[in-house]
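*Asks:* pasting the structure only:
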């Protein structure tokens, strides 16, 4: 399975899990998309530094776009955004959505019934 196929399948599976399995429906909330817009900015920054500097390299045959493995990747275009392949954007989306959906799902079921303040439990005697 290619990197591209894994990215598309993971994003689809997480959206399905959010809407159908967990029923948190995060992707239908404006607050999710606002938070995601903030997070994706930092994802682009991190990807630009790591991929643009050559610290992280991808085999061009494994990702969307064509190029050569010798030349530095383009900033935008040829299947890349801010030096990183578009697959990284899909994986980042899947990770953020999965984390928030599971957090909401567990919170709705009383994992943490309410905020607590005060000293740590081990100090209460």
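*Replies:* Arrived safely, thanks for sending. Predicted model only: the values in this text are computed from it and were never measured.
*Asks:* going forward, measure contacts and count neighbours with C-alpha atoms only.
*Replies:* OK.
*Asks:* for the helix or strand that contains residue 99, packing partners?
*Replies:* According to DSSP states H and E, residue 99 maps onto helix 86-108. With contacts defined as 3 or more CA pairs under 8 Å, 6 or more residues apart in numbering; DSSP states H and E, the packing partners of helix 86-108 are helix 3-16, helix 30-52.
*Asks:* which residues are in contact with the shortest one?
*Replies:* Helix 3-16 is contacted from outside by 27, 62-64, 87-88, 90-91, 93-94, 97-98, using CA atoms under 8 Å, 6 or more residues apart in numbering.
*Asks:* can you list the neighbours in contact with the helix or strand bottoming out on mean pLDDT in the chain?
*Replies:* With mean pLDDT, DSSP states H and E as the measure, the helix or strand of the chain carrying the lowest mean pLDDT is strand 76-77 (a mean of 76). Strand 76-77 has contacts (CA under 8 Å, 6+ apart) with 82-83.
*Asks:* immediately after that strand, which helix or strand?
*Replies:* Using DSSP H and E, the next helix or strand after strand 76-77 towards the C-terminus is strand 80-81.
*Asks:* partners of that next one in the sheet?
*Replies:* Applying DSSP bridges, strand 80-81 is found paired with strand 76-77 (antiparallel), strand 84-85 (antiparallel).
*Asks:* any idea how far residue 84 is from the most centrally placed residue in the chain?
*Replies:* Nearest to the geometric centre of the chain sits residue 92, at 1.9 Å (CA atoms, centre = their mean). For residue 92, the distance to residue 84 equals 12 Å [CA to CA, to the nearest Å].
*Asks:* re earlier: among the contacts of helix 3-16, find the lowest-pLDDT one for me.
*Replies:* When the contacts of helix 3-16 are sorted by pLDDT, the bottom entry is residue 62 at 74.
*Asks:* still on that earlier bit, starting at the chain centroid, how far to the least confident helix or strand of the chain?
*Replies:* 20 Å (CA atoms, centre = their mean, to the nearest Å).
*Asks:* ok, stretch 30-41 next?
*Replies:* Taking the mean of its C-alpha atoms, stretch 30-41 sits 11 Å from the chain's own mean (CA atoms, centre = their mean).
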